[in-house]
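[1] Provided below are the primary sequence and the corresponding predicted coordinates.
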Amino acid sequence: MPDSTSGEAFQRVLSRGLPRRQFLAWAGSAAAIAALAGCSSPGDTKESLTFTLWGTGNEKDAVSKVVNDFAAANKLKGNAQSYPQDYETKLNTLLAGNSAPDAGYLTEGMAMRLGEQGQLYNVLENPAFESFLPSALHYYAPGKAVSQTCIEATALFYDEDAVKEAGVTVPAIAADAWNWDDFITAADKLTIDREGRHPSESGFDASSVERYGTTVPYLLRPLVGVMASNGVNLFNEDGTKSLFDSDGAIQVMQALSDLIYEHRVSPNVAQTTELGASTGLQLASKKVAMAVDGQWSLLDLNIAKADGLNYNAGVIPGFGQGAFTVVLSGANGVFEKSNNREESLELLLALADPEQVSLYADGLWMPPEEKYYTDPAAMASWMDNDNHPSNYRTAVADMAMNNSVTFPSYRLKNFSEIDLAITNTLTSMFTQKTDIAAECKKLAASVNALMQGVYQDTAS
């Protein structure tokens with residue numbers, strides 16, 4: 001870790017060595033501007049610990065409490081600032097104005113870019129981060145990393161009443177995961193028209209479906225895991241080529257399209273949106289029986305549960321080469337120019353602690369530290385409650401620990417543009433029946449034009 005510049009070091013000496021009144025007089029308007037901004041600058045004293053986030057509601061409240069409690073314990077003033085709109089723009093403005101916070105949320109791409117530019121403090125300066133899951137640490141340079149805020153994982157959420165009625169048992173452990181044919185069979189049993197007929201039965205009316213068996217996971221996040229189950233990595237090793245046009249990828253994409261147009265067990269994208277903007281709303285409507293989504297859906301699912309939804313979690317089906325969940329999350333970063341760098345690293349560890357942050361037990365976050373997936377008491381501390389369904393431990397937590405693929409948002413440069421291009425294409429691809437192979441080849445070509453390589457995600 002490089003030392004700070006001599007100017008910054010001099011300011012730090014001044015801030016700690018001069019009497020307060022003399023220092024404030026010396027700092028003058030610069031300190032006043034920094035105070036108005038609510039952020040630390042190279043000339044600030046260690047009076048304020050500023051953390052920025054984009055969360056609102058319960059998330060904002062929970063994070064703010066940890067920031068304030070931690071700051072008070074360290075004789076600092078906590079300053080949690082939420083910018084739910086245009087967060088990156090706001091943070092870039094603070095950085096450009098030399099008014100960066102001490103620490104804060106970062107999108108994946110921004111975290112890697114700022115790290116590469118030397119604007120972040122290496123979290124591995126604190127050895128405690130070595131206890132994090134490998135998937136929660138991302139290296140922007142050899143030996144220098146940023147940590148995720150938490151862990152998020154994908155799963156197959158389902159309506160327990162619907163599957164019981166249909167005589168379907170959804171697998172809850174990796175070893176029992178459905179292959180794709182099993183999944184189609186289960187989805188057929190769960191799909192009924194107004195007369196109670198299934199798509200595989202004569203007379204099924206696709207124009208009057210009472211309940212769909214599943215929905216197509218058309219976003220890149222769950223799709224990465226489904227592709228992995230067919231031995232497909234959608235991007236080559238050096239981040240210069242998309243493999244959407246590979247035989248394995250086309251097979252998966254065709255199978256997803258067939259859920260809608262061949263097997264008639266899933267609505268198309270437009271119809272899915274009409275059924276509800278979230279998995280919780282879709283299952284609560286009783287119009288969908290199963291849906292692949294992230295575990296953050298627990299918040300919506302638990303609201304629906306209070307209104308009578310009986311839901312659970314299962315393992316995502318695959319294509320015979322394993323069962324996988326996808327793990328992902330935004331980052332927490334400590335800014336290089338913070339005067340409270342060591343304290344800020346400790347704050348990030350506090351935010352990773354389920355004993356201090358209610359969001360883990362609430363179901364929004366999963367802990368980034370490995371012991372919360374291996375130690376029985378630690379596991380029970382955050383997931384053994386009414387906010388986590390009975391299958392959660394094996395279908396979500398165990399999968400995140402043992403059967404996961406890491407979302408490529410930290411690895412690929414220019415990922416935000418790549419992700420947007422893919423999502424837009426997938427949305428249109430599953431809105432109407434089309435030539436999947438041809439569309440996959442077009443998608444690969446358009447993504448190739450955006451690819452700029454990878455960050456050297458390595459510990460050494």
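    Structure's in. What do you need?
[2] got the residue ranges for the helices in the stretch 51-200 of the chain?
    57-73, 87-96, 108-116, 160-166, 180-190 (DSSP state H, counting those that start in this stretch).
[3] Counting by contacts, list what the last one packs against.
    So the one you mean is helix 180-190. If you count contacts as 3 or more C-beta pairs under 8 Å, 6 or more residues apart in numbering; DSSP states H and E, helix 180-190 packs onto helix 160-166, helix 247-261, strand 290-294. Yep, even glycine has a C-beta here, placed from its N, CA and C like the rest.
[4] out of the helices of the stretch 51-200 of the chain, nearest to Phe407?
    Proximity to Phe407 (C-beta to C-beta) singles out helix 108-116 among the helices of the stretch 51-200 of the chain, at 8.2 Å.
[5] Quickly list the domain ranges of this structure.
    Segmentation of the chain into domains, based on automatic domain parsing, reads 6-151+329-352, 154-326+406-448.
[6] Looking at those, which is nearest to Pro367?
    Distance to Pro367, taken as C-beta to C-beta, is lowest for domain 6-151+329-352 among the domains of the chain, at 6.3 Å.
[7] any idea how far the closest one is from the chain center?
    21 Å (C-alpha atoms, centre = their mean, to the nearest Å).
[8] One more: stretch 165-180?
    That offset, for stretch 165-180, works out to 25 Å (C-alpha atoms, centre = their mean).
[9] next one: stretch 261-272
    With C-alpha atoms, centre = their mean, you get 26 Å for stretch 261-272.
[10] now do stretch 326-340
    On the basis of C-alpha atoms, centre = their mean, stretch 326-340 sits 14 Å off its chain's mean C-alpha point.
[11] Please, which helix or strand holds Arg211?
    strand 209-211 (DSSP states H and E).
[12] by contact count, what packs against that strand?
    strand 192-193.
[13] What distance do you get for the closest residue in space to Phe244 that isn't next to it in sequence to Thr434?
    For Phe244, ignoring the flanking residues on the chain, the nearest one in space by C-beta to C-beta, 6 or more residues apart in numbering is Ala444 at 4.2 Å. Going from Ala444 to Thr434 by C-beta to C-beta, to the nearest Å gives 15 Å.
[14] neighbour-wise, which of these two wins?
    Neighbours were counted for Ala444 and for Thr434 using other C-beta atoms under 10 Å; Ala444 has more, 18 against 13.
[15] The more buried one contacts Asp245, doesn't it?
    Yes. Counting by C-beta atoms under 8 Å, Ala444 does reach Asp245; the two are 3.8 Å apart.
[16] Quick one: residues contacting the residue nearest to Phe244.
    241-245 (C-beta atoms under 8 Å, 6 or more residues apart in numbering).
[17] Any chance of the backbone angles for it?
    Backbone torsions for Ala444, taken as degrees, to the nearest 10, come to phi -60, psi -40.
[18] what about it, distance to Val315?
    Counting by C-beta to C-beta - Ala444 and Val315 are separated by 29 Å.
[19] before we move on, what about Ser446?
    Where Val315 is concerned, Ser446 sits at a distance of 32 Å (C-beta to C-beta).
[20] Just list the residues touching the residue nearest to the spatial centre of the chain, thanks.
    Nearest residue to the geometric centre of the chain (C-alpha atoms, centre = their mean): Ser329, 3.1 Å. If you count contacts by C-beta under 8 Å, 6+ apart, Ser329 has them with 136, 148-152, 365, 368.
[21] switch the cut-off to 7 Å
    148-152 (C-beta atoms under 7 Å, 6 or more residues apart in numbering).
[22] what about the stretch 201-350 of the chain, any weak spots by pLDDT?
    Per-residue confidence for the stretch 201-350 of the chain (pLDDT under 70) gives no ranges below the cut-off.
[23] Can you show me the helices along it?
    Under DSSP H, counting those that start in this stretch, the stretch 201-350 of the chain gives helices at 220-228, 247-261, 269-275, 279-284, 298-306, 341-351.
[24] Residues contacting the second one, please?
    Pointing back at helix 247-261 there. By C-beta under 7 Å, 6+ apart, the residues outside helix 247-261 that reach it are 180, 214, 216, 226-227, 230-232, 234, 243, 265-266, 268, 319, 430, 433, 436-437, 440.
[25] cool, and stretch 178-188?
    Residues outside stretch 178-188 that contact it (C-beta under 7 Å, 6+ apart): 168, 171, 198-200, 213-214, 255, 263, 265, 290, 317-320.
[26] Out of these, which two are the most distant from each other?
    Between any two of these (C-beta to C-beta), the greatest distance is 24.9 Å, for His198 and Gly320.
[27] Ser446 and Val315 - which one has more neighbours?
    More crowded of Ser446 and Val315, by other C-beta under 10 Å: Val315, with 26 against 16.
[28] Who's the closest spatial neighbour of that one, skipping the chain neighbours?
    Leaving aside its sequence neighbours, Val315 sits nearest to Ala177 (C-beta to C-beta, 6+ apart; 4.5 Å).
[29] What of Ser329?
    Gln148 (4.1 Å).
[30] Does that neighbour touch Ala331 like I think?
    Yes. Between Gln148 and Ala331 there is a contact at 5.7 Å, judged by C-beta atoms under 7 Å.
[31] what number of residues lie near the residue nearest to Ser329?
    Around Gln148 there are 27 residues (other C-beta under 10 Å).
[32] cool, and the one 3 residues further on?
    Residues within reach of Ile151, counting by other C-beta under 10 Å, total 27.
[33] OK, contacts around it?
    Applying C-beta under 7 Å, 6+ apart, we find Ile151 in contact with 133, 136, 327, 329, 366-368, 400.
[34] same deal with Val447?
    242, 244, 418, 421-422.
[35] quick one on the thing from earlier: take the contacts of Ser329 and write them to JSON lines, including pLDDT.
    JSON lines is the format used below for the contacts of Ser329 (pLDDT from 0 to 100):
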{"residue": "Gln148", "pLDDT": "98"}
{"residue": "Thr149", "pLDDT": "98"}
{"residue": "Cys150", "pLDDT": "98"}
{"residue": "Ile151", "pLDDT": "98"}
{"residue": "Glu152", "pLDDT": "98"}
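[36] about what we covered before: just so I know, which of the helices of the stretch 201-350 of the chain lies nearest Gly115?
    Closest approach to Gly115 among those (C-beta to C-beta): helix 341-351, 14.2 Å.
[37] List the buried residues of that closest one.
    By neighbour count with 16 or more other C-beta atoms under 10 Å, helix 341-351 contains the buried residues 341, 343-351.
[38] Remind me what that helix packs against, helices and strands.
    The helices and strands touching helix 341-351, judged by 3 or more C-beta pairs under 7 Å, 6 or more residues apart in numbering; DSSP states H and E, are strand 48-53, helix 57-73, strand 103-106, strand 331-334.
[39] Highest mean neighbour count out of these?
    For the helices and strands packed on helix 341-351, average neighbour numbers computed from mean count of other C-beta atoms under 10 Å are highest in strand 331-334, which has a mean of 28.
[40] For that strand, name the packing helices and strands.
    The contact analysis (3+ C-beta pairs under 7 Å, 6+ apart) places strand 331-334 against strand 103-106, helix 108-116, strand 144-148, helix 341-351.
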